[in-house]
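Enquirer: Kindly generate the corresponding structure for this input.
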Amino acid sequence: MILTALDHYYENEVKEKPSASPAARAIELGIQFLQERLLPTASVAEFGPLRQKEFMNWSRARFDHTPSTIARNLSVFSAAFRFGRKLVDVKDGFGKEFEVQLLSGAPDVVTQANAVAKALNLPEPKPREWTPTFEEFGRLIDGLVPRQENLFRFVMIALNTLARPEAMNRAGFAGGRFV
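Expert: As a prediction, the model looks like this:
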């Protein structure tokens, strides 16, 4: 069931992460959609391209969501389905561990705002112009936990080279990894 996959993903993968709140909202919308348009017992296999387009239209009509918002919400479904296909170690309420692979397969889910806009016959979203303040940069750097050493290095190199690819390569970052 779709709801089982979403709950499994939230409880075992995202609940303790910074993205928990947006994921919870996307799951809440998924529950509303299923209650109104399908059945709460709808299977993951039923969330193919037609149902995804129906979700897009429903989100637009009911909440006036933009293609970017709809794509972000659909990305939670996609992540939940991918997580459901993994064999993961989970604990029950009593602390007992189990290996669980919830899904053997799932439909691909649209996660790009441009594709959502096309499906809804809307103009493609334009990127927002945003220049972070020094305080925002500071909060970003302070928010990196010790396990994110590579991300910290990447951020520092990007900031110090104005993210110019050729300068980043000379600074030690090439092809998506540190050299």
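Enquirer: by contact count, what packs against the host helix or strand of residue 4?
Expert: Taking DSSP states H and E as the definition, residue 4 sits inside helix 2-9. Counting contacts by 3 or more C-beta pairs under 8 Å, 6 or more residues apart in numbering; DSSP states H and E, helix 2-9 is packed against helix 20-37, helix 67-84. For every residue, glycine as well, the C-beta is placed using N, CA and C.
Enquirer: Switch those over to a markdown table; also include mean neighbour count, distance to residue 101 and mean pLDDT.
Expert: Written out in a markdown table, the entries for the helices and strands packed on helix 2-9 read as follows (neighbours: other C-beta atoms under 10 Å; distance: least, C-beta to C-beta, whole Å; pLDDT from 0 to 100):
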| stretch | mean neighbour count | distance to residue 101 | mean pLDDT |
| --- | --- | --- | --- |
| helix 20-37 | 16 | 20 | 92 |
| helix 67-84 | 22 | 8 | 94 |
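Enquirer: Throw these into a markdown table and include distance to residue 61, thanks.
Expert: Compiled in a markdown table, the helices and strands packed on helix 2-9 are given as follows (distance: least, C-beta to C-beta, whole Å):
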| stretch | distance to residue 61 |
| --- | --- |
| helix 20-37 | 11 |
| helix 67-84 | 11 |
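Enquirer: To residue 141, which of these lies closest?
Expert: Nearest of those to residue 141, taken as C-beta to C-beta: helix 20-37 at 21.8 Å.
Enquirer: Give me the angle between the closest one and helix 67-84.
Expert: Interaxial angle, helix 20-37 versus helix 67-84 (axes from the mean of the first three to the mean of the last three C-alpha atoms, to 10 degrees): 90 degrees.
Enquirer: Output the contacting helices and strands for helix 20-37.
Expert: Contacts defined by 3+ C-beta pairs under 8 Å, 6+ apart place helix 20-37 against helix 2-9, helix 49-63, helix 67-84.
Enquirer: could those go into a markdown table alongside distance to residue 157?
Expert: Output for the helices and strands packed on helix 20-37, formatted as a markdown table (distance: least, C-beta to C-beta, whole Å):
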| stretch | distance to residue 157 |
| --- | --- |
| helix 2-9 | 32 |
| helix 49-63 | 38 |
| helix 67-84 | 27 |
